[in-house]
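S.K.: mind looking at a prediction? Sequence and model below.
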Amino acid sequence: MSETPLTQASAHLRHGANIGQSLTRHEGALKVTGQARYAADHHPAGMLHAVLAVSSIARGRVIALDVAAAKAHPGVVDVMTPAHKPPLAQDPDEKTHPFMFRLDVLQNDRVRYPNQPIAVVIAETLEAATEGAVLLAPRYETEPARTDFPAGAHFTPALVGVADPAEAHHGDVEAGLAGAARRLEAIYETPAQYHNPMEPHGIVAAWEGDTLFIDTPSQGLAMAQARIAGLFGIPPAAVHIRSPYIGGGFGSKGVFSGPQVLGIMAARLVGRPVKLVLRRGQMFGPVGHRAPTRQSFRLGADNAGALTAIGHHTVTASSQHDDFFEPAGGVSHTLYASPAIATTYEAVRLDTGTPLFMRAPGKAAGSIALESAIDEMAHACAMDPLAFRLKNYAEVEPMSGKPFSSKALRACYAQGAERFGWAKRPLAPRQMRDAAGMLVGWGMGTATFPALMFQAQARAVLRADGTGVVETGAQDMGQGAWTALGQIAADSLALDPDRVEFRAGSSDLPDAGIAGGSAHTATAGMAIHGAGADVIARLAELAMGDERSPLHGAGNAGVIARAGRLFRRDDESRSESYVAILARAGIPAIEGHGKSATDPAAQAAYAMHAHGAVFAEVTVDPDLGQLRVTRLVGAFAAGRIINPRMVQSQYYGGMVWGLSFALHEQAVIDPRSGRPMNANLGEYHVPVNADLPSIEAILVEEHDAHVNALGIKGVGEIGITGTAGAIANAVWHATGMRARRFPITLDKLIGPQDN
């Protein structure tokens, strides 16, 4: 049973009956039966369909659109262009906070990147709108596309990521390199990768006067609500967003995008509800992507294999019109002990859509490079890769010197290695073959991701019948948030889950913060925890102040909440049910509120990260270079686990994405036009089941008293870090060929060995 010990002023959650249980998905039956309604499943009365016309060039001007031909097409109602659109109250290029990005919403005739929206056709049917968009037949004044990465003009950005410095130093790297017995210099390149969640971006928008109702996928409802309100000059309360289910977000739906704004504008223009959904090819441009990187490493080590210096320089790219720079160097701040560390950045501007957050931003690209470099250095020192990592194990965060709030990485190494059979790995490459004669390689990588938490709010209500309601504007992107947050909600009220109604997914509920940075469970969960504790504390005060209650006068000893009852801490034979307390008081319900926010003191005192270790096995055809990942074993420590089933699923997803990063994903850009040449799921390769026959995730026990009161760290993104590097290292172990340009494709294994 759930158990919550209380004083009059506060409540503290114990590990109750719900937290830690592998409950099945709350919404699972709705999804598999097709009853879960995603944004594009909504069809309000009188709804029209909108289709984007997008640019086929990377840079220039639209000099002509055949609007007359499009409007003459049967079923077309209107065509929205820069010359014919509703006004906005705010400049869409204006930025007022770090999570605001410039939007392309038909401000003018300029084209800044391929697939930029240049018009919107609105029609009675999707087919008519699609055909109308073709009839626009745009003509352009084209300027040369700037696509050459990384050979463009370099500059040092003011900041990288959201607000990280472009230069960070600890110790003297040059001295560390000069005094090293072993030195490594290597360059690793990662390509542009584009967001392709199963559900593309879309919106169904309806205006009722100056009140707006929309269905759209959003990882941050309150932030989207504020952005829309500013653009359209209406109060945030007049913007009603429903987003209970999201078919994958991974960062792309964290900030409101231009196409979503265009759907709202289209609805205002025609005075009817409008649905606008991106085609798959239109995802390659206006909704963010992971920028390419060129990462240069300089490592030094002494004769015993201890690192003396880490130098990590990143060149990355952003758009011509906005600023987001992939923070790939951050991973080098936290993982390996070295007396000298330096991370620096340069950037290039390209005619591309603005890069944005993509699952494990910075850490994914930085990790595959760092883990490859560490593996190369281990080989240079004639050391086993795991032994080398243990030799350079960081007992405190290397860059800051802070102690870790918790760190069970040694246990991750040990449990993962034992399960994988790492002790049998030969040190030299090309020593193992399978029964079919394929080269076999084993590699490993260290996984890490910061333990983040944002601001959020929640509301809890305990009703007279002993049931509860908990509300917060959270979202479920497939990660199991409905289930995990519902478990926290039930334990916060010390009730069984079937006695608590959990409400989420709507902007009229308390702000749950952003579902990003692997912080959603901690952020929304802590607010829920606080709201439930507030309710129980109020209920306890009611009972302890009532002479008729067996709990009267228990103020100094306090009470414990368990299974819908309050018990005296000093005498559990004296208890009373929630129902009895409320009935005697004649109160229909008690409401409580909770907030979550980072603890500045804890953040100043501790480095907070989740950790893990990933072990990979690959086979490579020695004649054809055909490559296959045959096994992945990951061991991860991420504080308190709310739902092991959901967490294991998240680890699997991250590890599969790591495989995708290492072997599959890349946008192929036409250097002449700047256009992505593989803007579809047939040619933009991602893994399928046949690409990974065996995957295992080990949940390593870890307790963290500092990260937050529930001890929760994030699990969504850590699986990518470590995995991609482990696979790259396994490929080297199989072949003796070190791939430094990713993804590792067949041509890199049968071509020249200077790659």
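M.R.: Looks like it came in fine.
S.K.: so the protein: which segments form each domain?
M.R.: Per automatic domain parsing, the domain ranges recorded for the chain read 3-36+454-597, 39-144+195-283, 297-314+326-452+604-750.
S.K.: closest one to P165 among the ones you listed?
M.R.: Nearest to P165 among the domains of the chain is domain 297-314+326-452+604-750 (8.9 Å), distances taken as C-beta to C-beta. For the C-beta atoms, the positions are set from N, CA and C on the backbone; glycine is no exception.
S.K.: nearest to L184, out of the domains of the chain?
M.R.: Nearest of the domains of the chain (C-beta to C-beta): domain 297-314+326-452+604-750, 4.4 Å.
S.K.: what about that closest one, how long is it end to end?
M.R.: For domain 297-314+326-452+604-750, the first-to-last residue distance is 25 Å (C-alpha to C-alpha, to the nearest Å).
S.K.: gap between that domain and the chain center?
M.R.: In terms of C-alpha atoms, centre = their mean, to the nearest Å, the centre of domain 297-314+326-452+604-750 is set 16 Å apart from its chain centre.
S.K.: what is the mean pLDDT for it?
M.R.: Domain 297-314+326-452+604-750 shows a mean pLDDT of 97.
S.K.: ditto for stretch 497-506
M.R.: pLDDT averaged over stretch 497-506 gives 96.
S.K.: which positions in that stretch come out as buried?
M.R.: 497, 499-500, 502-506 (16 or more other C-beta atoms under 10 Å).
S.K.: put together CSV for the domains of the chain, with distance to R182 on each row.
M.R.: Below are the domains of the chain laid out as CSV (distance: least, C-beta to C-beta, whole Å):
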stretch, distance to R182
domain 3-36+454-597, 35
domain 39-144+195-283, 38
domain 297-314+326-452+604-750, 5
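S.K.: and those: which comes nearest G179?
M.R.: Short answer: domain 297-314+326-452+604-750, nearest of these by C-beta to C-beta, at 6.1 Å.
S.K.: can you tell me the closest non-neighbouring residue to P450?
M.R.: H609 (5.4 Å; C-beta to C-beta, 6 or more residues apart in numbering).
S.K.: next, the contact list for the one you found, please.
M.R.: Contacts for H609 (C-beta atoms under 8 Å, 6 or more residues apart in numbering) come out as 334, 397, 404, 407, 448-451, 713.
S.K.: let's see that with 6 Å instead.
M.R.: 334, 448, 450-451 (C-beta atoms under 6 Å, 6 or more residues apart in numbering).
S.K.: one step back: right, and the domains of the chain - which one's nearest R183?
M.R.: domain 297-314+326-452+604-750 (5.2 Å).
S.K.: what about E541, distance to L566?
M.R.: 11 Å (C-beta to C-beta, to the nearest Å).
S.K.: using the three-state scheme, assign the closest residue in space to D434 that isn't next to it in sequence.
M.R.: What sits nearest to D434 in space, not counting adjacent residues and going by C-beta to C-beta, 6+ apart, is V440, at 5.4 Å. Classification of V440 by DSSP: H, G, I helix; E, B strand; the rest coil places it in strand.
S.K.: identify the bridge partners of V440.
M.R.: M432, T619 (DSSP bridges).
S.K.: give me the neighbour count for it.
M.R.: As a burial measure, V440 scores 17 neighbours (other C-beta atoms under 10 Å).
S.K.: thought it was touching Q431?
M.R.: No - V440 is beyond contact range of Q431, at 8.7 Å (criterion: C-beta atoms under 6 Å).
S.K.: excluding covalently adjacent residues, which one is nearest to I718?
M.R.: F449 (4.0 Å).
S.K.: which stretch of helix or strand covers the one you found?
M.R.: Assigned by DSSP states H and E, F449 belongs to strand 439-450.
S.K.: and E541 and L566? which has more neighbours close in?
M.R.: Using other C-beta under 10 Å as the criterion, E541 and L566 rank with L566 on top: 30 against 16.
S.K.: part of a helix, is A728?
M.R.: Yes - under three-state DSSP, A728 sits within a helix.
S.K.: what is the burial count for it?
M.R.: 30.
S.K.: look up how far Q626 lies from the residue nearest to T745 when sequence neighbours are not counted.
M.R.: With sequence-adjacent residues excluded and distances taken as C-beta to C-beta, 6+ apart, T745 is closest to L663, at 7.5 Å. Look at L663 and Q626: by C-beta to C-beta, they are 11 Å apart.
S.K.: more crowded one of these two?
M.R.: Neighbour tally, L663 and Q626, criterion other C-beta under 10 Å: the higher count belongs to L663, 24 against 13.
S.K.: what's the spacing between the more buried one and L495?
M.R.: 47 Å.
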